[in-house]
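> I would like to see how this sequence folds:
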Amino acid sequence: MSLNFPNTSRSYDPDRGRIRFWGHDNATEVPFFLEEDALFVLYPQTAKTEAGILAAFDKARDRIFAVAAKVYAPGGRRGFYTLTGDQFSPAASS
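As a prediction, this is how the structure comes out:
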């Protein structure tokens with residue numbers, strides 16, 4: 001089975017400037033962090049508030065999950081995965 005995202009919860013950590021969300025590979029929970037700069041790459045006009053950042057995450061959820069699935073290594077021993085703005089730039093999609 002591949003990575004999926006049945007849990008739509010996410011949380012914002014303003015001190016570290018990132019959003020935490022979770023994927024699942026069978027019964028294994030896989031933690032991810034999305035650096036907030038990635039949201040500003042996707043939506044430059046995002047308000048720099050918790051509400052604005054979480055709204056941008058929700059708007060970009062499908063794209064975020066697609067990138068997360070690409071970087072995920074099944075069976076890997078990583079504690080978590082961090083997604084950055086570089087992974088969402090126009091050059092990254094080519």
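> name the element the residue lying closest to residue 87 once chain neighbours are set aside belongs to?
Excluding the flanking residues, the one nearest residue 87 by Cβ to Cβ, 6 or more residues apart in numbering is residue 67, at 5.2 Å. The C-beta positions use only the backbone N, C-alpha and C, and glycine is treated the same way. For residue 67, the enclosing helix or strand under DSSP states H and E is helix 61-71.
> ok, now residue 30?
Using DSSP H and E, residue 30 maps to strand 28-35.
> For that strand, buried residues please.
Using 16 or more other Cβ atoms under 10 Å as the test for burial, strand 28-35 gives 30, 32, 33, 34, 35.
> If we ignore the residues flanking it in sequence, what's nearest the second one?
Spatial nearest neighbour of residue 32, chain neighbours left out: residue 81 (4.9 Å); criterion: Cβ to Cβ, 6+ apart.
> pLDDT at the one you found, what is it?
Note for residue 81: predicted pLDDT of 93.
> Can you name the residues bridging to the spatially most central residue of the chain?
The centroid of the chain falls nearest to residue 34 when counting by Cα atoms, centre = their mean (4.0 Å). On the basis of DSSP bridges, residue 34 is bridged to residue 19, residue 83.
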